[in-house]
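Engineer: Following is a predicted model, sequence given first.
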Amino acid sequence: MNLQPDEEVAKTGTFLYDGEVTCDIRIVRSPVCYGSGDYEDPPEIANDHERETFYIQYGSTTKRGHYNAGGGGYPTLSEAMNAAEAAPGIGSSVRWHD
């Protein structure tokens, strides 16, 4: 996952995959809250909106520095961090860099 124009990395860290493999994690600040794009969703869900939003990106289990999964859409950095720390299977292993 490459950063989009106007996006920036707000927080970085690591997590353990399967309790053994150190992987990267980062939270990206975006000026856009991306919608679902699904025509069956109401406009407030389907359409993109211009507002600061934080997304979690998870690093590859085989290649450090390569981000191949993500999610979220949180209104604050702290909410994104809390969501990452609560993620099933990895949350308790998340360690943020200063």
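Structural biologist: Done, it's in.
Engineer: switch to C-alpha atoms for all contacts and neighbour counts from now on
Structural biologist: Noted.
Engineer: how far is the helix or strand harbouring Ala69 from where the chain is centred?
Structural biologist: Applying DSSP states H and E as the criterion places Ala69 in strand 67-74. Here the centre of strand 67-74 is set off from its chain's centre by 3 Å, with CA atoms, centre = their mean, to the nearest Å.
Engineer: could I get it in CSV with only the CA atoms?
Structural biologist: Extracted C-alpha coordinates of strand 67-74, given in CSV (Å, rounded to 0.1, in the frame of the first residue of the first chain):
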residue,chain,number,x,y,z
TYR,A,67,2.1,-2.9,3.8
ASN,A,68,-0.5,-5.2,2.2
ALA,A,69,-3.5,-5.0,4.5
GLY,A,70,-5.4,-2.2,6.1
GLY,A,71,-8.7,-1.0,7.5
GLY,A,72,-10.4,1.5,9.6
GLY,A,73,-11.5,5.0,8.9
TYR,A,74,-11.2,6.5,12.4
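Engineer: Residues in contact with that strand: which ones?
Structural biologist: 1-2, 24-25, 33-34, 53-60, 80 (CA atoms under 8 Å, 6 or more residues apart in numbering).
Engineer: Name the member of those with the most neighbours.
Structural biologist: Phe54 (29 neighbours; other CA atoms under 10 Å).
Engineer: Would you agree it is in contact with Asn82?
Structural biologist: No. Phe54 lies out of contact with Asn82 (CA atoms under 8 Å); the separation is 11.7 Å.
Engineer: now the strands for the protein?
Structural biologist: 8-17, 21-33, 49-59, 67-74, 95-96 (DSSP state E).
Engineer: Mind telling me which of these the model trusts least?
Structural biologist: The weakest mean pLDDT among those belongs to strand 67-74, with a mean of 93.
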